[in-house]
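S.K.: Make a model of this:
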Amino acid sequence: MYQLYQKTITQSDGRTITIESGKLAKQADGSVVVKMGKTMILAAVCAAKEAKEDVDFMPLSVDYKEKFASAGRFPGGFLKREARPTDYEILIARLVDRALRPLFPEDYHADVFVTINLISADKDAPPHALAGLAASAALTLTDVPFGGPISEVRVARIDGQLVINPGIDELEKADIDIIIGATADNILMVEGEMKEVSETEMLEAIKFGHEEIKKHCKVQLELKKEMGIGPVREYHHEENDEDLRKKVRDTLYDKIYKIAKAHLPKHERTAAWDDLRDSFIEELGEDTEERVIKMVKRYFHDVEKEATRDLLLNESIRLDGRKTDEIRPIWCEVDYLPAAHGSAIFTRGETQSLTTVTLGTKLDEKIVDEVMNQGRARFLLHYNFPPFSTGDARPARGVSRREIGHGNLAHRALKQVMPDDADNPYVIRVVSDILESNGSSSMATVCAGTLALMDAGVKLKKPVSGIAMGLVMGKDKKYKILSDILGDEDHLGDMDFKVTGTKDGITACQMDIKVDGLPYEVLGEALEQAKEGRAYILEKMLETLSEPRPDYKPYVPRIQTLTIPKDMIGAVIGPGGKIIQEIQAETETIVTIEENDGVGFVEIAAPDQSSIEAALEIIRAIITVPEVGEVYKGKVVSIVAFGAFVEILPNKEGLLHISEISWERVNAVEDVLKEGQEIEVKLIEVDQKTGKLRLSRKALLPKPEGYKEENHDRRAPHDRRPPRGRDRGGDRRPPRKNYERH
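M.R.: Residues are numbered from 1 along each chain as shown. Reported below is the predicted structural model:
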């Protein structure tokens, strides 16, 4: 048996969310089922009692998994079962992770596993907006030291109205679509996309979502109290020596501060700090225990963070000597790769992206087969972050979650300005390879992606630039907002805020806030400073290439489309695809057909226009309806005793009767025509019942002078009427054969 605990949240739109515990997954440290409409999410938390040896970070793992059975569907593929996480599942897991991670104590290092499963799916109640709430509720109902509760909501603006957790179909009309993670007091995480909205409109959406989150947090605490969850567990995951901590600070603070103030390049600065730390360890003596060395390294990092922040707050001096709103030097180049369809290099300081664009046909579309989303994607963006970009000597092993997340942010940013399908026949793939990294490589991807797309001739609606902002806030609420942050400023700061947009508004954002009580006024100031930075970066980009090229590169495949009647699709494809395959082989093209809204859409791709024209000619001939009186150039495909069958259009043959070959009497068809011969014929009749075509050659020939009609029996054999049962020789006539082709 079980005891069920349950709480209900009423959203601002009247819909309800139910949180229940005590029924499922009771052996986990904490578990809940969150339900909204027909959508149900099961979240379970398990935490190790002790930390593993030598772990000095928070080993949090968040996994989000959608079960196909939740929507009554089978998984695709050969195995017919769920396999590795999809990009979408990874992105949702990252959204939850980013909101939870800052709320664990700095000295807590035990493994914590948060597993979130979609067990019932409803498009009117999208599960991704409930995953954060489910994870937080499961954590809140444990004795794990967690500084929550938190919740996440999706905010969209549809027809001018802000809406909480809208249905998937409604999002197509949204011009703001963001997910917000927060505690009752502080915003922790924001990510989403917008259609060129202002900074004020974005802040309004964040405030709207936070009000809803406050209700979620309150209900979680009420449920915790009702279930009688006790105090947090005791733990001891770090060994500390306060005297040693003080010694490290007193001895090294000024030296660390001096190195930070020297404006050294990234690797030189890191090397100088490492030498300083190693010298201190050497002075402790050769017999220094390993545990002491580990403590020194931890305390040194703390002093490094303190000195860097003090330098910025007290003297407004950044590690590389820039002003707080100053952008690093930028240089760009396009058309760098001669064989790529489009390419660009974007370099800002010590961050560099080499981005390529590839233009493909309909066959290159990505097939999307997810639990809640099926379809095809015509715009793809992939982000690669190899170890050498930061000087790391290690192998690259697959695509990391970080790479998927950064690529998704850049995809959101550029998606808003991609041309409509009517203006772009291509499937587009953008690939950003990060060659150097010292802060904001995802924003370099946005900038390089814009330039590469314009270099490829893609007619972007507007160019997009992006910038990464930072924030350092002191204990006395003194703060500094930083434009174009370095990697160290991201690591040592209190906010990482990336924003992209055109000259007219924001297209995407990603924000992680690590400080309590950040006022909306400061956030608004950061947005305005980001706007100025974006404008400066965009100006530098447009100095290299100001607009899309007027035409595609010579080696880009040419694509042309046409529409055909729905009932002609089968004729173009042919039995088993025979006709369309013959067209492709004969013209060296790629031909694809799909039906939409009762119309057939044909796409023809080829390296040159002449091949496309050849394929178009064949397809137009196939869909042409033969008209009586028209003259056609056809090919003799077969000869029979009473005439010849002539193909006047692809897959359309007519009978040229022996009497219609010439004005003169023809004793044998072979005397005049041969198979494969091309001749001109006139369509003189279409049988309304059978659709059979009657052709004439002699109608196109001049009638001989003095020609007299002869009354010869020129009918086909099956039209003659010999004596019943006997042929002319008196013997029984063989069975009649139907020589006429259907």
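
S.K.: Only C-alpha atoms from now on, for both contacts and neighbour counts.
M.R.: OK.

S.K.: Checking residue 497 next. Helix, strand or coil?
M.R.: strand (DSSP: H, G, I helix; E, B strand; the rest coil).

S.K.: So residue 405 versus residue 98, what's the distance?
M.R.: According to C-alpha to C-alpha, to the nearest Å, residue 405 and residue 98 sit 11 Å apart.

S.K.: Can you pull the residues that touch both of those two?
M.R.: Here residue 405 and residue 98 share no contacting residue, scored by C-alpha atoms under 8 Å, 6 or more residues apart in numbering.

S.K.: From residue 248, how far off is the nearest residue to residue 281 once chain neighbours are set aside?
M.R.: Using C-alpha to C-alpha, 6 or more residues apart in numbering and skipping the chain neighbours, the partner closest in space to residue 281 is residue 293 (6.7 Å). Look at residue 293 and residue 248: by C-alpha to C-alpha, they are 11 Å apart.

S.K.: who's more crowded, these two?
M.R.: Of the pair residue 293 and residue 248, residue 248 is the one with more neighbours under other C-alpha atoms under 10 Å, namely 21 against 17.

S.K.: So that one lies in a helix, does it not?
M.R.: Yes. Assessed with three-state DSSP, residue 248 lies in a helix.

S.K.: Return the residues in contact with it.
M.R.: Residue 248 sits next to 296, 299, 300, 303 when contact means C-alpha under 8 Å, 6+ apart.

S.K.: Check these against residue 1 and report the nearest one.
M.R.: residue 299 (51.0 Å; C-alpha to C-alpha).

S.K.: was I right about residue 376 contacting residue 363?
M.R.: No. Counting by C-alpha atoms under 8 Å, residue 376 does not reach residue 363; the two are 10.5 Å apart.

S.K.: Which of the contacts of residue 248 fall in helices?
M.R.: Residues of the contacts of residue 248 located in helices (DSSP state H): 296, 299, 300, 303.

S.K.: Give the PyMOL command for selecting the buried subset of these.
M.R.: In PyMOL syntax, the buried subset of the ones in helices among the contacts of residue 248 is picked out as below (16 or more other C-alpha atoms under 10 Å):
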select buried, resi 296+299+300+303
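
S.K.: next one: phi and psi at residue 469?
M.R.: Phi and psi for residue 469, reported as degrees, to the nearest 10, are phi -110, psi 150.

S.K.: could you measure it against residue 526, distance?
M.R.: With C-alpha to C-alpha as the criterion, residue 469 and residue 526 are 7 Å apart.

S.K.: Give me the more crowded residue out of these two.
M.R.: Neighbour count, other C-alpha under 10 Å: between residue 469 and residue 526, residue 469 has more, with 28 against 20.

S.K.: Show me the beta-bridge partners of that one.
M.R.: On the basis of DSSP bridges, residue 469 is bridged to residue 483, residue 497.

S.K.: In this structure it contacts residue 485, no?
M.R.: Yes. With contact defined as C-alpha under 8 Å, residue 469 reaches residue 485; the gap is 5.9 Å.

S.K.: circling back to that earlier point, helix or strand for the residue nearest to residue 281, just tell me which one.
M.R.: Per DSSP states H and E, residue 293 falls inside helix 290-315.

S.K.: Please state the offset of that helix from the chain centre?
M.R.: Counting by C-alpha atoms, centre = their mean, to the nearest Å, helix 290-315 is centred 40 Å from the centre of its parent chain.

S.K.: Just checking: what are the partner strands of the very next helix or strand once past it?
M.R.: Sequence order places strand 330-334 as the next helix or strand after helix 290-315, per DSSP H and E. Its sheet considered, strand 330-334 pairs with strand 342-348 (antiparallel) by DSSP bridges.

S.K.: List the contacts of the partner strand.
M.R.: Applying C-alpha under 8 Å, 6+ apart, the contact partners of strand 342-348 are 328-337, 352-358, 444-445, 447-449, 451-457, 553.

S.K.: what does the following helix or strand past that strand rub up against?
M.R.: Downstream of strand 342-348, the first helix or strand assigned by DSSP H and E is strand 351-360. The contact list for strand 351-360 (C-alpha under 8 Å, 6+ apart) reads 340-347, 426-441, 444-445, 448-449, 452-453, 456, 556-557.

S.K.: Which strands or helices does the helix ranked longest in the chain pack on?
M.R.: Ranked by number of residues, the top helix in the chain under DSSP H is helix 199-227. Packing partners of helix 199-227 (3 or more C-alpha pairs under 8 Å, 6 or more residues apart in numbering; DSSP states H and E): strand 5-10, helix 131-140, strand 151-158, strand 161-164, strand 174-182, helix 520-544.

S.K.: Could you identify which of the ones you listed is most buried?
M.R.: helix 131-140 (a mean of 29; mean count of other C-alpha atoms under 10 Å).

S.K.: Show me how far that one is from its chain's centre.
M.R.: Computed by C-alpha atoms, centre = their mean, the chain-centroid distance of helix 131-140 equals 27 Å.

S.K.: Equivalent analysis for stretch 479-489, please.
M.R.: From the chain centre to the centre of stretch 479-489 is a distance of 29 Å (C-alpha atoms, centre = their mean).
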